[in-house]
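>>> Take this sequence and fold it.
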Amino acid sequence: MKPRIATLLNIKPEADNVVSFMFRYSQLGSKPGQFVMLWLPGIDQKPFSIAADNGKTFSVAVFKIKDFTEALFKLKPGANIGVTGPFGNPYTWKPRSHVIAVGGGYGSAPLAYLVNAAKVDHCTYEVLIGARHKKLLLYPTRFPKHTYLATDDGSAGYHGYVTALLEQRVSVLSAAQRKKTVLYVCGPELMEYAAATVAKKYGLPSQISIERYIKCGFGICGQCCVDDTGEPMCTVGPVISGKHALRLSEFGQYHRNKAGEMIEY
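Residues are numbered from 1 along each chain as shown. Predicted coordinates for the structure are as follows:
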């Protein structure tokens, strides 16, 4: 797919080393949970979850890690970038259901897009956000009165893992409430594994966004295929059911780097 040009409109710091980039681009037509490939000529092309898309602009939240993201952080408003997508399987929901969105680190970005879309369909919602400490929390005030925070060091909200906070919230739901509740998760895979396990314990359907090393974005290169099914997460995922995720032999156990080497969690 040939990249099209998007123009950078705004840059907004969100957390330690996390910045939101808003681009003018009216051709995306994405759904929550999907991703785009951003291309900087002469540097690289990388996938990013979509944090917002209103039909005229879209946003991504970027954590500065290596060469590509460092180059992104140097851009100024007015700069152009190549875009392909949207790619991947999105989150889904039913009108008037109850959404529990659990985000870890910059995984909260696509969940914010999900919550805003689900609100249009009259869904009730609560957002659980976790991080190692308060400076790493992404969107802690985006949904006031509906957000619950957890930090590993206790610097904000619940002192402990966000998945422990999740179990507290889920355990008090009535049988009737559980029938209309769906759990949506995005973040570090060990957190996702724990959240999927909580969902299974309480009989809740869940949808998990699984991150793998993606090169093409549309199922050709095989880089993001998972053991033992061989399914490419760029097309079968990144969003799959929690039941499906728990059946994958590598989920919560290991992933592979760009050379295909196994990296244990």
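
>>> From now on I want contacts and neighbour counts done on CA atoms only, so please keep to that.
Noted.

>>> show me the contacts for residue 190.
Listed by Cα atoms under 8 Å, 6 or more residues apart in numbering, the contact set of residue 190 reads 252-253, 265.

>>> so which of those is the most crowded?
Using other Cα atoms under 10 Å as the neighbour test, those are led by residue 252, with 18 neighbours.

>>> Now do the helices for the stretch 51-200 of the chain: every range, in order, please.
With DSSP state H, counting those that start in this stretch, the ranges of helices along the stretch 51-200 of the chain come out as 67-73, 108-120, 162-171, 175-179, 189-201.

>>> I'd like the average pLDDT over the shortest one.
Spelled out, it's helix 175-179. Model confidence over helix 175-179 averages 93 on the pLDDT scale.

>>> quick revisit: save the helices of the stretch 51-200 of the chain as TSV, and put in distance to residue 38 too.
Converted to TSV, the helices of the stretch 51-200 of the chain look like this (distance: least, Cα to Cα, whole Å):
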stretch	distance to residue 38
helix 67-73	10
helix 108-120	16
helix 162-171	30
helix 175-179	38
helix 189-201	23
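
>>> Let me know which of the ones you listed is tucked in deepest.
For these, average neighbour numbers computed from mean count of other Cα atoms under 10 Å are highest in helix 108-120, which has a mean of 22.

>>> quick one: it to chain centroid distance?
Averaged C-alpha coordinates place helix 108-120 at 10 Å from its chain's average position (Cα atoms, centre = their mean, to the nearest Å).

>>> Which strands or helices does it pack on?
Packed against helix 108-120 by the contact rule (3 or more Cα pairs under 8 Å, 6 or more residues apart in numbering; DSSP states H and E) you find strand 52-53, strand 98-104, strand 124-131, strand 181-186.

>>> Generate JSON lines for those strands, with distance to residue 207 and mean neighbour count as supplementary columns.
Shown next, in JSON lines, are the helices and strands packed on helix 108-120 (distance: least, Cα to Cα, whole Å; neighbours: other Cα atoms under 10 Å):
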{"stretch": "strand 52-53", "distance to residue 207": "19", "mean neighbour count": "22"}
{"stretch": "strand 98-104", "distance to residue 207": "10", "mean neighbour count": "25"}
{"stretch": "strand 124-131", "distance to residue 207": "14", "mean neighbour count": "24"}
{"stretch": "strand 181-186", "distance to residue 207": "5", "mean neighbour count": "25"}
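
>>> Identify whichever of these lies nearest to residue 85.
strand 52-53 (12.5 Å; Cα to Cα).
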